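# Fold the following.
(2 chains)
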Amino acid sequence: MNVHLILFLAFAAVAVAGAVNLLAQTHPINSALSLIAVMAALAGEYLLLGAEFVAALQVIVYAGAVMVLFVFVIMLLNAGVEERTQGSRVAILFGIPGAVLGSVLVAWVVLRHSGTGEVPAGALPGVPATIGPLLFHEFLLPFEITSILILIAIMGAVVLASTPPSAPVPPREEN
Amino acid sequence: MPIWLYILASVIKSAVVLGVLLGAVAYTVWLERKVVGHIQNRWGPTRVGPFGLLQPIADGLKLLVKEDLTPPHVYKPLYIAAPLIAIIFALTSISVIPFGNPITIGGYSIPLQITTDVNTGLLLILGVTSIGVYGVALAGWSSNNKYSLLGGLRASAQMVSYEISLGLSLVGVLIMAGSFSLHDIVDAQAGHFWGFIPRWNIFTGQFVGFFCYLTAAYAETNRIPFDLPEAETELVAGYHTEYSAMKFAMFFMAEYANMITVGCLATLLFFGGWRGPVFGPTILKAVLPVFWFAAKVFVFLFIYIWVRGTLPRFRYDQLMAFGWKVLLPIALVNVIATAIAVVW
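Numbers count the residues shown, from 1 in each chain, chains lettered A, B, ... in the order given. Below is the predicted model of the structure:
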C-alpha cells in the first residue's frame, strides 16, 4: 500500500463516482459537470502512469474544449430536466445480468493478458520529445486520417445547421 | 532534499507568492483607475491616502462587509461554485511560473517557483486557463437571467475560439526552445547580440508570435477590446450581473489574476524572463532577477491598461471573425515560418 496505489484508488473513485453521477442526475448540466470530473480524474490517472503530455492534453482538449462545447450547447438549447418515464421490465431483466456478465468478461480478458502488476511511473515514455516523433513517423497515417475525419464532421455540422437556399422564408405573423 | 524541507519550502513559497499576487491584484486595480483616469484627462482616486494608494484597501473592506445577496431564482449550486472555479484556476496557474534562478540556501537548491520545474509547465498553464472558462459560462447560466446567459455564452465562445490562436502563437517559442519547461525556455534566451541587445525571443524572430499572443491573451482575459461579455452598455454587466459583494470580488480578482499570469507568461516566453543586468554582492545577485521579472510584468500590466483606455470594443461578429479568419491564419503561418527557419 504505497502512495502510488492510494492515489490510483483516489482518482479511480472520483472517475467512477462521476460516471455514476452522470447517469443518476436528471438535469443535463449536472451530467456534463460530472463528465468533466471524470475527464479530470482520467488525466490524473495518466499522470500516475508517467504520461504527463497526454494528461495535459486530456485537460486542455477534453475537459477544456470539448466539454465547454457540451456545456455551451446545453445552455444554448435550454435543455430542461429530463422526464421520468416508466421503467422497462425487459431492460431490468436482461440489462442488469447482461451488464454484470459483460464487465466480468472484459475484466477476465484484460487480467488474462496483462496481469495485475502495476506500471511504475516513468516506465513508459511520456515526454513530448518522444511522443512527437512517434506521431509523425509510426502513427502518421492514423494522425492524418483522424484530421480528415474531423474535417468531414465539421462539414457535416455546417451543412446540417445552415438554412437551405431555396426554402421560402415563412411570412411573419401580422398582429 | 528531505521531504519535510521540500514541503516547508513549498508552503513558504505558496504563502509568499499568493500574498504578493493578491496584493498585486488589488494594486493593479488602483493602477488601472489611475492610468485610465489620466488617459481620460482626470485624476483617478486621490482622496483615500496619498495618491489614492489606500483605495484598494477601502474597496476590499467594502466588498467584505457588503450584503451578499443571493437572488431567489438562481440555480444555487452552480451560482456559488462559479466564482470559486474562476478564482481557484486563476490562482493555480501561477504555481508553475518561475520568478528567478534557483537559490541555494544551506546547500539545498530551491527553485523559485511553487512547484519544482515541471517539464510540461507551459501545457499546465494552458490547461488551467482552459478550465477557467467554466467559471464564466456557469456563472452566466446559473444566474437565470437573459443578460447573464448571453454574456456567459459569448464569453465561453470567445474564450474557446481564441485559445487556439493562443496555443499556436506559443508553438513558435516552443520550436525555438525545444522544451515545454518554462525554465528551459528562459535559459534558451541567454546571451546577447553584439554585446548589448539581449537575445530575447521577441528579437530573435518571434515578433509576430508576440503580437499574436498578446491579442489572443486580451481575448482570453476578456479585456478591452474584447470585453463584450462584460460590456456595461450592452449587457448590464454580463455574466456577473447577479453577483454582489464577495462573489463579485472573486470574479474581479480572477480577471486581474489572469491578467498578471498573461504578463508573467509574456515575459517568460518573449522577453527573457528574469534575465537582466546582474551585479553586486550575492544577496543582490539573488534578488535582482526577481526585480527584473517584476519590472517586465509591470510593463505588461501597464500596456494592458493603456489599451483599455484607448481602444473601443469589438462587436461580437467582428470579434469572432477576427479570431478565426485573421488571428488563426497568422498564428499558423508563424508556426510554419519558425519551423522552416529553425530547420534551415
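
# Report all helices and strands that the longest helix anywhere in chain A contacts.
Here the longest helix in chain A is taken by residue count, with DSSP state H as the criterion, and it is helix A:89-114. In terms of contacts (3 or more Cβ pairs under 8 Å, 6 or more residues apart in numbering or on different chains; DSSP states H and E), helix A:89-114 is packed against no helix or strand at all. C-betas here are computed from N, CA, C, even on glycine.

# Please point out which parts of the helix or strand just after it sit buried.
Under the assignment DSSP states H and E, the closest C-terminal helix or strand after helix A:89-114 is helix A:128-136. Within helix A:128-136, the residues that qualify as buried are A:P128, A:I131, counting by 16 or more other Cβ atoms under 10 Å in any protein chain shown.

# Stretch A:137-157 now?
Of the residues in stretch A:137-157, none are scored as buried under the neighbour-count criterion (16+ other Cβ under 10 Å).

# now that stretch: mean pLDDT?
What stretch A:137-157 shows for mean pLDDT is 93.

# Same question for stretch B:209-217.
In this model, stretch B:209-217 has a mean pLDDT of 93.

# so what's the closest residue to chain A within chain B up against?
When Cβ to the nearest Cβ is the measure, chain B has its nearest residue to chain A at B:S130, with 2.5 Å between them. B:S130 makes contacts with A:V59, A:I60, A:A63, A:G64, A:A65, A:V68, B:E163, as judged by Cβ atoms under 8 Å, 6 or more residues apart in numbering or on different chains.

# please redo it, this time with the cut-off set to 7 Å
Shown in contact with B:S130 (Cβ atoms under 7 Å, 6 or more residues apart in numbering or on different chains): A:V59, A:I60, A:G64, A:A65, B:E163.

# Then B:S14?
So, once contact is read as Cβ under 7 Å, 6+ apart, B:S14 ends up touching B:I114.

# in what helix or strand does it lie?
Per DSSP H and E, B:S14 falls inside helix B:3-39.

# And the next helix or strand past that helix?
Sequence-wise, the next helix or strand downstream of helix B:3-39 (DSSP H and E) is helix B:55-65.

# Buried residues in the next helix or strand after that following helix, which are they?
Scanning the chain past helix B:55-65 towards its C-terminal end, the next helix or strand to appear is helix B:76-92 (assignment: DSSP H and E). Along helix B:76-92, these residues count as buried under the neighbour rule (16+ other Cβ under 10 Å): B:78-79, B:81-83, B:85-92.

# Of all pairs in those, which one is the farthest apart?
When Cβ to Cβ is used, the two most widely separated members of the buried residues of helix B:76-92 are B:Y79 and B:T92, lying 21.7 Å apart.

# Show the pLDDT at the nearest residue to B:I164 once chain neighbours are set aside.
Counting by Cβ to Cβ, 6 or more residues apart in numbering or on different chains, the nearest residue to B:I164 once its immediate chain neighbours are dropped is B:L328, at 6.1 Å. On pLDDT, B:L328 comes in at 94.

# Can you get me a residue count around B:L328?
B:L328 has 19 neighbours, counted by other Cβ atoms under 10 Å in any protein chain shown.

# and A:L33, how far is that from A:M67?
To A:M67, A:L33 is 9 Å away according to Cβ to Cβ, to the nearest Å.

# Can you pull the residues of chain B lying near chain A?
Chain B has residues B:119-120, B:123-124, B:126-127, B:130-131, B:133, B:137, B:141, B:149, B:152-153, B:156-157, B:160, B:180 near chain A, with proximity defined as Cβ under 7 Å from any Cβ of the partner chain.

# How much space separates A:M75 from chain B?
Noted for A:M75: a distance of 5 Å to chain B, by Cβ to the nearest Cβ, to the nearest Å.

# Likewise for A:F143?
When distance is defined by Cβ to the nearest Cβ, A:F143 is 16 Å away from chain B.

# can you pull the contacts of that residue?
A:L135.

# And it, which helix or strand is it part of?
Going by DSSP H and E, A:F143 is in helix A:140-161.

# same thing with B:M246?
Applying DSSP H and E, one finds B:M246 within helix B:245-270.

# Can you list the buried residues in that helix?
Neighbour-count burial for helix B:245-270, with 16+ other Cβ under 10 Å as criterion, is recorded at B:247-270.

# which bits of chain A sit near chain B?
Residues of chain A found near chain B, taking Cβ under 7 Å from any Cβ as the criterion, are A:52-53, A:56, A:59-60, A:63-65, A:68, A:71-72, A:75-76, A:127-128.

# tell me the angle of the helix holding B:S14 relative to helix B:245-270?
Angular relation of helix B:3-39 and helix B:245-270 on a 0 to 180 degree scale: 100 degrees, by axes from the mean of the first three to the mean of the last three Cα atoms, to 10 degrees.

# rounded to a whole number, what's the mean pLDDT of helix B:3-39?
Computed over helix B:3-39, the mean pLDDT rounds to 91.

# Tell me the residue of chain A that sits nearest chain B?
For chain A, Cβ to the nearest Cβ, closest residue to chain B: A:G64, 2.5 Å.

# Name the helix or strand for A:N21, please.
Per DSSP H and E: A:N21 is located in helix A:3-24.

# would you say B:S148 is within a helix?
Yes - according to DSSP: H, G, I helix; E, B strand; the rest coil, B:S148 belongs to a helix.

# who's in contact with it?
By Cβ under 7 Å, 6+ apart, B:S148 lies in contact with B:G140, B:G238, B:Y239, B:T241, B:E242.

# Which of those sits closest to B:I12?
Proximity of the contacts of B:S148 to B:I12, judged by Cβ to Cβ, is greatest for B:Y239, which lies at 35.9 Å.

# need the contact list for residue 27.
By default, I'm working from chain A. If a contact means Cβ under 7 Å, 6+ apart, then A:H27 has A:V81 as its contacts.

# I was thinking of chain B, sorry if that wasn't clear
With the criterion set at Cβ under 7 Å, 6+ apart, B:Y27 makes contact with B:P56.

# Please apply the same query to B:N101.
With contacts taken as Cβ under 7 Å, 6+ apart, B:N101 has the following neighbours: B:L112, B:W274, B:P289.

# Of all the residues in the helix or strand hosting the last one, which ones are buried?
Yep, that's B:P289 we're talking about. When elements are assigned from DSSP H and E, B:P289 belongs to helix B:282-310. Taking 16+ other Cβ under 10 Å as the basis for neighbour counts, the residues of helix B:282-310 that come out buried are B:286, B:288-289, B:292-294, B:296-298, B:300-301, B:304-305, B:308.

# Which positions in the helix holding B:S14 come out as buried?
Neighbour-count burial for helix B:3-39, with 16+ other Cβ under 10 Å as criterion, is recorded at B:9-10, B:13, B:17, B:21, B:24-26, B:28-37.

# now swap in stretch A:101-109 and tell me
Using 16+ other Cβ under 10 Å, none of the residues of stretch A:101-109 count as buried.

# Low-confidence stretches in chain A?
Low-confidence regions of chain A, defined here as pLDDT under 70, cover residues A:1, A:115-122, A:167-175.
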